[in-house]
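Trainee: sequence first, then the predicted structure:
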Amino acid sequence: MKLVVRVKLLPTPAQAEALEATLHACNEAATWAAQVAFDEGALRPLGLRKHTYTEIRRRWGLGAQAAQHAIKKTCDAYTTLRANLRAGRYGRPGSRRHARASGKPMVFRPGAAQPYDDRMLSWQHQDRTVSIWSTAGRLKNVAFTGQADQLDVLAAHRQGESDLVRQGGKWFLIATCEIKEAALNPHPVGFLGVDLGIVNIAATSDGERHAGRRINRKRARDRALRTKLQRKNTKSAKRRAKKYAGKEARRNKDINHKISKRIVAEAERTGRGIALETLTGIRERARLRKPQRTTLHSWPFAQLGGFIAYKARRAGVPVMYVAAAYTSQECSKCHHTERGNRTSQARFACRSCGFVEHADHNASHNIRQRGWMQWVCGAQPTAPALTLIA
């Protein structure tokens, strides 16, 4: 199983200046190579290398490996663009958006990530330093830091390339690790159902509710502050908006990590699997008033599902995805399904048998039952192959 670990670099001012110059040079070279690839139709590494390799090394002073990576990065960008065009993510062929995306060469930001292989980057885990190539020469003893458990994973399981990236004025290395999965529990005693929602981000069939109104109030205050700063549009407002940029996303990610960790730990402790509703189309299925739509669309449900899935794989806990249709309207006792059963956001009252329960917990019971039935019928658990853990 592949995991991605992000560590923070702590370069000196001179080292930071050299790293910034390196990123700029690599991305300028990649942008020039993208123009050549667009003009010549050379979209594969071997073909593009014939047109650009010598000139990249001469004009930008990149080493052999750095030049190779700049060319490969350009080809990978065009491969991704073609896949998105085929998938219709830029509209239909002939549309203005499709023509705008396909009718011009790729351009790389000056601070876009640059891949490093083991010839360009070496790790000294005991000293927590790296030796990294730059256009100014080899930079040695560049310090790095991170959470202890992530650094242990990095030292034991790192494989392949790492990406150098600058975000918010800070430097990071993003490394890929290959971790052996735990043996899957072949005989779970049951399943833990998890219902995802807005008021309660996750509710389990054990009666536990995660996050909720306090988090939503904080998110509403952040959105109000962001709107106020955007309307003010002064230099000080822009500085403040830049300071808070990404704050909500980082908080959401932290909350999703904590929720997923508790859910997986409980399932592992009790010898159960985890049943999740299928996340595809979750935003399209929900019918909400306009003030609630922003709350729904701004929460990373797919991220939470991915965190649960990869943590479950590491623990050997099976994860089943079930159809989400009518889980909030079906009675978990008699299975009578009717829209009127959901009397309010929080209350479920079955009109057939009279069963009363918190609506989110009733839905999680239905998800648990559906997960168990799929497992009994021989369905295979699934989980994503690559997830960010930093």
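Mentor: Ah, there it is. Please read all numbers here as calculations on a predicted model, not as lab measurements.

Trainee: following element in sequence after the helix ranked longest in the chain, please.
Mentor: Longest helix in the chain, counting residues (DSSP state H): helix 13-40. Using DSSP states H and E, the helix or strand that follows helix 13-40 in sequence is helix 45-60.

Trainee: quick check: domain ranges of the protein?
Mentor: The record's domain parsing of the chain by automatic domain parsing lists 17-113, 115-178, 191-219+256-384.

Trainee: for Tyr244, which of these is the nearest?
Mentor: domain 115-178 (10.8 Å; Cβ to Cβ). C-betas here are computed from N, CA, C, even on glycine.

Trainee: now Cys334, nearest residue through space, not along the chain?
Mentor: Cys353 (4.2 Å; Cβ to Cβ, 6 or more residues apart in numbering).

Trainee: likewise for Arg219?
Mentor: Counting by Cβ to Cβ, 6+ apart, the residue nearest Arg219 is Glu248, at 6.3 Å.

Trainee: got it, and Met106?
Mentor: Excluding the flanking residues, the one nearest Met106 by Cβ to Cβ, 6+ apart is Ala34, at 4.0 Å.

Trainee: now that neighbour: how far from Gln114?
Mentor: To Gln114, Ala34 is 15 Å away according to Cβ to Cβ, to the nearest Å.

Trainee: what does Arg209 give?
Mentor: Counting by Cβ to Cβ - Arg209 and Gln114 are separated by 43 Å.

Trainee: which of those two has more neighbours?
Mentor: Gln114 (24 against 17; other Cβ atoms under 10 Å).

Trainee: quick check: bridge partners of the more buried one?
Mentor: Gln114 forms beta bridges with Leu164, as assigned by DSSP bridges.

Trainee: need the contact list for it.
Mentor: With contact set as Cβ atoms under 8 Å, 6 or more residues apart in numbering, Gln114 has these partners: 22-23, 26-27, 66, 69-70, 73, 163-165.

Trainee: want to throw these into CSV with pLDDT, neighbour count and distance to Lys232?
Mentor: Listed next are the contacts of Gln114 as CSV, based on pLDDT from 0 to 100; neighbours: other Cβ atoms under 10 Å; distance: Cβ to Cβ, whole Å:
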residue, pLDDT, neighbour count, distance to Lys232
Thr22, 96, 22, 37
Leu23, 96, 23, 32
Cys26, 96, 26, 37
Asn27, 96, 21, 33
Ala66, 95, 26, 43
His69, 96, 22, 42
Ala70, 95, 27, 40
Lys73, 95, 23, 38
Asp163, 96, 18, 36
Leu164, 96, 24, 35
Val165, 95, 17, 31
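
Trainee: for His51, state which of those residues is nearest.
Mentor: Closest approach to His51 among these (Cβ to Cβ): Ala70, at 12.9 Å.

Trainee: where does that closest one land in three-state SS?
Mentor: On the three-state scheme (DSSP: H, G, I helix; E, B strand; the rest coil), Ala70 is labelled helix.

Trainee: for Phe172, same thing?
Mentor: Applying three-state DSSP: Phe172 is strand.
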